[in-house]
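[1] next input, structure requested:
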Amino acid sequence: MSDIASLLQASLQPASRKQAEQQLHALASQPGFLAHLLTLILNGSYDRSTRLAGGIYLKNVAKLRWEEDDAPIPEADKAALRSQLVPAMIALSDHTDKAIRAQIAESVALIAELDFPVKWTDLIDQLISSLSQTDYSINVGVLQTAHSIFNQWRAQVRSDELFTEINFVLSRFMQPFLDLSNQTASILLSSPAPPNIATVTQAQIILVDIFYDFTCQDLPPGIEDAHNSFFAPQTGLFQRFMSWGAVELRSDPDETQPSLPAQLKTKIFEIGELYIKLFPDQLSRSPAVEGFVQSVWELIGSNKLPGVADDSLVSQSLRFISTAIRSGYYKSLFSSRETIASLVQGVVIPNIGLRDHEMEQFEDEPLEFIRLDLAFGGSASEVATRRQAAADVLQALVSSGYQTEATEIVGSWITSGLQQYNSNPAQNWKAKDSAIYLLTALATEASTTQHGVTSTNALVDVVKFFSEHVHQDLQASAGSIHEILYVDAIRFLLTFRNQLTRDQLLSVLPLLARHLNADHYVTYTYAAITIDRILFIKKGTQLLFSQADIHDLAADLLNALLNKIEAAGPPEKVAENDHLMKCAMRIIVTARQTLTPVYQQVLQRLVNILGVIAQNPSNPNFDQYIFESISALLRFVVSGTPSTLPTFEQALFGPFTFILQQDIDQYIPYVFQILAQMLEAHTTGVPSEYRSLLPFLLTPTCWQQKGSIPGLVKLLKAFLARDAAEMVKTGQIAAVLAVIQQRLIPSKINDGWGFELLQGVVQYVPPAQLKQYFKAVVMTLLTRMQTSKTDKYVYLFSHFLLFTMAINVDGLGPDYVISAVEEIQPQLWSQILVNFIVPQVPKMPHKGRKVAASTIMLTPPSAQSWPPAFVSVIKLFSEPQYLSKTKDEEQSTGITEIDFEEQTAGYQAAYSRLAAADGAPVDPVAYVRDPQDFLGQALVKADPRVKGLLAAGDEKVVQPFVQALATSGYAIR
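    Below you'll find the predicted structure:
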């Protein structure tokens with residue numbers, strides 16, 4: 001135990017963190033480790049930081065290693081931990097242990113996600129038996145744990161499995177939940193207030209959370225029967241809590257965190273919003289919505305809750321109004337002009353202006369200001385601030401048929417704000433800021449985070465407003481207007497980029513370039529974001545802008561961006577603003593060969609920035625974009641000027657060697673991908689610098705990090721394609737196969753990469769040299785099929801066999817594969833074909849179908865297996881578009897996929913793919929130009945037994961196909 005404690009302490013120190021984590025990782029698979037760790041966490045004699053580190057480590061074991069294939073946790077240890085976690089939660093009920101309890105609650109949720117209810121059948125009974133009639137400290141812990149389990153239902157897709165779990169929980173937990181809800185509400189709503197009112201209120205908040213969990217997918221009968229006790233006007237618990245505010249729980253006016261009553265009311269409004277979306281008929285049984293709307297007016301009308309602490313409550317109240325308007329069920333509440341006017345004046349206008357704390361954030365926490373500001377633009381669920389929620393009410397009115405009234409009423413406020421600004425621009429800049437924000441909301445009918453506004457209010461001329469009121473601020477010289485107005489102008493351009501023409505956008509790019517040199521953080525960051533999004537605009541599948549469009553600007557844009565990044569100072573400050581790095585990446589991807597004259601300077605600056613951030617990796621998005629930038633620069637410059645490749649290798653080998661030596665695990669997956677990309681650029685042979693790296697790549701430690709495996713596979717395939725003969729001579733093929741057989745194929749997570757590498761081996765190693773290994777490889781594949789079969793594995797196995805028979809390699813083919821299989825056991829091939837391959841053919845994704853269609857005809861005829869195999873192939877020809885590439889696919893190089901709002905970047909066990917490092921996909925059966933012609937020719941030349949076997953297939957499928965072949969000139973007699 002003392003060893004574990006000292007290692008946890010060491011893991012908190014940067015100097016000893018890595019070594020301590022490695023030692024903990026080694027200990028974690030030993031029997032009894034988890035029990036010792038939990039005992040330490042509960043032992044109050046240890047330092048609190050050590051116990052919290054233990055809680056975090058336990059959570060990470062649950063998250064990353066619970067179903068690990070390599071060094072798995074013993075099942076007995078898992079069962080023991082499951083039995084101890086809920087009692088541990090109870091033991092941590094004291095408020096001083098709140099942070100530790102939160103880690104244990106998350107561990108319970110993570111393990112429950114994998115093991116509940118099948119392996120953890122008594123979890124709910126454990127929780128119920130732990131609830132107390134009197135001790136609300138215990139109840140808070142139990143309810144937090146329960147909510148952490150049930151909360152996962154909110155994001156899940158409806159399925160039989162999900163509803164089986166929900167019904168299992170409801171059958172046990174519903175009645176205790178209703179009883180405790182009534183008891184807790186009764187305590188809070190009666191007087192005098194209990195001495196532990198804060199703890200009881202916390203329990204009530206979590207009970208409301210659990211109410212949401214129980215209703216997020218469907219309406220349970222228990223809650224449906226209790227509907228009036230929650231929703232009835234005046235008497236329902238939710239309605240009563242709307243007007244409840246215990247004096248004892250009031251917070252200081254300067255407090256920034258929401259009070260407990262405010263948190264409770266916010267959660268109730270969330271339930272109201274959910275019910276409008278999912279159960280409007282249930283709500284219509286009583287005037288519940290009218291009661292909620294009245295509560296909104298009483299709570300926040302005329303700016304009654306101005307404090308920062310009430311922001312969440314105000315925002316959620318306004319979201320409830322927006323949802324009610326959009327639903328269309330409550331037109332009588334919102335349709336009159338007077339109601340819309342009072343709604344705008346009473347709740348929209350008071351909340352649309354920038355507030356003092358937002359201005360402080362603009363100056364002191366610019367990245368957080370940007371994050372919150374950008375959060376609004378996709379859907380109502382992304383509303384983060386008061387002004388966004390107020391704007392969303394306007395957008396709800398516009399998109400729900402009230403455009404005329406809303407445009408007229410809000411238009412007068414916009415005109416008034418602009419007049420006020422023009423009367424004294426220096427003093428009244430906030431009036432123009434609000435006017436622009438109102439106009440943006442009013443003009444937006446539909447939008448997404450990715451693409452900006454996609455549909456506008458026909459009554460608002462966005463381009464005219466831009467020309468008359470916004471463009472002037474975009475052109476204004478530095479310091480001549482308030483900094484917020486520069487940001488407003490750039491944001492307006494960002495929001496309505498799809499409404500401007502290509503020429504208009506090109507004309508503002510130089511203005512945005514100038515703002516990249518601004519002094520203010522928010523201004524130059526917004527300029528970078530906007531340039532990135534403009535260059536990403538697509539028409540159909542094609543990017544709107546090409547390298548010719550930014551030929552003259554690209555070098556200056558990159559220079560300005562890299563200047564800002566380099567000037568930030570320490571590693572964590574350099575890496576914090578990933579918007580700048582993303583824009584740099586977008587310019588490199590768009591400019592392509594345009595950057596060839598300056599590529600050395602750009603490359604050196606990127607390498608220097610990488611050297612700085614490698615000292616303390618802190619922002620996975622920034623890392624993704626800088627490696628993507630290096631990869632894209634390499635790709636485009638070298639493809640246009642192959643002689644530049646040595647310059648890239650000289651610049652990158654040093655930093656990459658450092659990253660590998662220092663074991664900077666966040667960066668290693670990227671390094672392997674770019675090394676593979678550079679090696680692939682060598683058309684013949686392997687330079688000595690790469691060859692000296694190969695023994696290291698085949699060591700077990702290299703393959704321990706899951707995120708490295710795809711890049712390693714790509715790199716080894718590049719070696720195989722260029723140096724297979726040398727690898728056979730040095731025995732390194734045996735080492736590659738050992739990695740495949742011992743580490744990749746046995747793993748459910750990595751088996752796909754195992755087959756990918758195996759395909760590289762059969763494609764590039766001469767069949768005569770491969771022969772000595774091939775039978776053992778097939779036995780490994782069959783052993784995995786026998787011990788741990790999954791649907792994914794059956795497909796991968798079937799595709800590999802088809803691939804090996806289909807590819808155009810002398811000496812390889814059906815006989816090679818089938819003889820190896822038959823050596824293991826006579827008649828085994830027919831069993832594999834009928835039981836595995838034939839059922840997989842119709843399920844094959846489009847890229848695998850041509851391989852299947854090209855292969856089946858090559859297999860020797862057999863009365864048992866050939867007819868069903870042939871029928872499965874014929875069925876593929878009913879969807880011929882999947883047997884050939886489209887023109888777009890031929891030209892696609894993956895570059896339009898470089899967008900990381902579509903791909904999640906991050907430090908993760910999963911793979912962080914570099915889109916620029918991906919080449920065009922290679923067709924393994926390119927020699928088959930037309931699969932149907934290939935099949936027709938094969939049938940005409942086939943063994944007479946084949947023609948006899950045609951009659952054994954399903955004649956409804958076979959005969960029409962044979963007739964179609966005859967029409968094409970392939971008569972089978």
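
[2] every contact and neighbour count from this point should use C-alpha atoms.
    Noted.

[3] packing partners for the host helix or strand of D933?
    Taking DSSP states H and E as the criterion, the element that holds D933 is helix 931-941. Counting by 3 or more C-alpha pairs under 8 Å, 6 or more residues apart in numbering; DSSP states H and E, the packing neighbours recorded for helix 931-941 are helix 846-855.

[4] next structured bit after the helix holding D933?
    Per DSSP H and E, the helix or strand that comes after helix 931-941 is helix 944-950.

[5] tell me how far that next one lies from the chain's centre.
    Centroid separation between helix 944-950 and its chain, computed with C-alpha atoms, centre = their mean, to the nearest Å, is 52 Å.

[6] can you check stretch 186-204 too?
    Centre to centre, stretch against its chain (C-alpha atoms, centre = their mean), the figure for stretch 186-204 is 40 Å.

[7] any chance you could list what contacts stretch 630-648?
    Stretch 630-648 has contacts (C-alpha atoms under 8 Å, 6 or more residues apart in numbering) with 585, 588-589, 592-593, 595-596, 599-600, 603, 606, 674, 677-678, 681, 914, 916-917.

[8] which of the helices and strands in this protein ranks last by mean pLDDT?
    In the chain, no helix or strand scores lower on mean pLDDT, DSSP states H and E than helix 887-891, which sits at a mean of 41.

[9] and the helices in the stretch 551-700 of the chain, which stretches?
    Across the stretch 551-700 of the chain, reading from the start of the chain, the helices by DSSP state H, counting those that start in this stretch fall at 554-566, 571-576, 578-591, 599-613, 620-640, 645-661, 668-680, 688-691, 694-697.

[10] if we compare these, which one ends up closest to L715?
    Within the helices of the stretch 551-700 of the chain, the stretch nearest L715 is helix 668-680; the backing value is 4.3 Å (C-alpha to C-alpha).

[11] neighbouring contacts of that closest one?
    Taking contacts as C-alpha under 8 Å, 6+ apart, the residues outside helix 668-680 that touch it are 627, 631, 634-635, 645, 649, 656, 659-660, 686, 690, 707-712, 714-716, 718-719, 911-914, 917-918.

[12] do stretch 145-156 as well
    For stretch 145-156, using C-alpha under 8 Å, 6+ apart, the contacting residues are 89, 105-106, 108-110, 112-113, 127, 162, 206, 209-210, 213-214, 216-217.

[13] try it again with 6 Å
    Taking C-alpha atoms under 6 Å, 6 or more residues apart in numbering as the criterion, the residues outside stretch 145-156 that touch it are A105, A109, I210, D213, C216.

[14] then the host helix or strand of A396 to PDB, C-alphas only?
    When secondary structure is defined using DSSP H and E, the element that contains A396 is helix 386-399. Output of helix 386-399 as PDB, limited to C-alpha atoms (Å, rounded to 0.1, in the frame of the first residue of the first chain):
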ATOM      1  CA  ARG A 386     -27.900  35.400 -21.800                       C
ATOM      2  CA  ARG A 387     -27.500  37.400 -25.100                       C
ATOM      3  CA  GLN A 388     -27.400  34.100 -27.000                       C
ATOM      4  CA  ALA A 389     -30.600  32.900 -25.300                       C
ATOM      5  CA  ALA A 390     -32.300  36.200 -26.000                       C
ATOM      6  CA  ALA A 391     -31.200  36.000 -29.700                       C
ATOM      7  CA  ASP A 392     -32.500  32.500 -29.900                       C
ATOM      8  CA  VAL A 393     -36.000  33.700 -28.800                       C
ATOM      9  CA  LEU A 394     -35.900  36.100 -31.800                       C
ATOM     10  CA  GLN A 395     -34.800  33.300 -34.100                       C
ATOM     11  CA  ALA A 396     -37.600  31.100 -32.800                       C
ATOM     12  CA  LEU A 397     -40.100  33.800 -33.700                       C
ATOM     13  CA  VAL A 398     -38.600  34.300 -37.200                       C
ATOM     14  CA  SER A 399     -38.500  30.600 -38.000                       C
END
